[in-house]
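J.: Sequence and predicted structure are below.
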Amino acid sequence: MVTPAISEYFAVQVGDKVRLALPAAQVQAVAQITPQDVCPMPGVPGALVGVVNRLGQLYWVLDLGEFLGLTGLAAGEYRPFTTVVVGVGNRRLALVVTALEGIFTPEHPQVLPLPQQLQRRYRELLSGLVSWQGKTLAVLRPETLFAQLV
């Protein structure tokens with residue numbers, strides 16, 4: 001099944017090699033967050049680093065690398081986190097990523113299907129593949145990300 005393309009995406013890198021595309025309409029902000037600004041919360045999944053107050057708003061901070069089963073943040077790491085704040089409805093989540101690559105329009109008008117052998121968890125989190133600068137990026141579905149965190 002081929003999914004209609006969204007006109008713009010925001011590209012990020014997670015870990016050393018994984019590049020993802022987020023629907024640009026759901027990207028609310030980008031921010032550097034220092035670890036001391038994050039308040040850890042007991043009893044939540046390990047990928048949820050904690051909560052941060054940004055401009056009077058509370059956001060959960062999610063280590064996207066760890067959540068996806070990639071290399072996560074190093075324990076005790078002090079350097080600032082690069083985050084992309086995504087929103088679905090009135091919910092906001094700051095995703096810790098390795099690098100920001102910017103807004104782009106895909107090279108092809110359609111989102112291509114995911115490989116059949118991809119694990120079910122990833123098939124639920126991703127809506128397909130898009131091309132940009134000769135590379136293929138998986139499209140992350142923020143609404144499913146929120147659903148899997150509940």
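T.: Everything's here; your move.
J.: Just give me the longest helix of the chain.
T.: In the chain, with assignment by DSSP state H, the single longest helix is helix 142-149.
J.: Please spell out which residues along it are buried.
T.: Going by neighbour count (16 or more other C-beta atoms under 10 Å), the buried part of helix 142-149 is 142, 144-146. Glycine gets a C-beta too; all of them are placed from N, C-alpha and C.
J.: Give me the mean pLDDT for that helix.
T.: Taken as a whole, helix 142-149 has an average pLDDT of 90.
J.: Dump the buried residues of helix 142-149 to a markdown table, plus distance to Ser131.
T.: As requested, these are exported to a markdown table (distance: C-beta to C-beta, whole Å):
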| residue | distance to Ser131 |
| --- | --- |
| Pro142 | 21 |
| Thr144 | 22 |
| Leu145 | 22 |
| Phe146 | 27 |
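J.: Gly15: which of these is nearest?
T.: Lowest distance from Gly15 to those (C-beta to C-beta) belongs to Leu145, with 16.4 Å.
J.: Wait, that closest one touches Ser127, no?
T.: No - in this structure Leu145 lies outside contact range of Ser127 using C-beta atoms under 8 Å: 11.5 Å.
J.: Now do the contacts for the closest residue in space to Glu8 that isn't next to it in sequence.
T.: Excluding the flanking residues, the one nearest Glu8 by C-beta to C-beta, 6 or more residues apart in numbering is Ala24, at 3.9 Å. Contacts for Ala24 were tallied using C-beta atoms under 8 Å, 6 or more residues apart in numbering; they are 6-10, 103.
J.: Mind doing that once more with 10 Å?
T.: The contact partners of Ala24, taken as C-beta atoms under 10 Å, 6 or more residues apart in numbering, are 6-11, 102-105.
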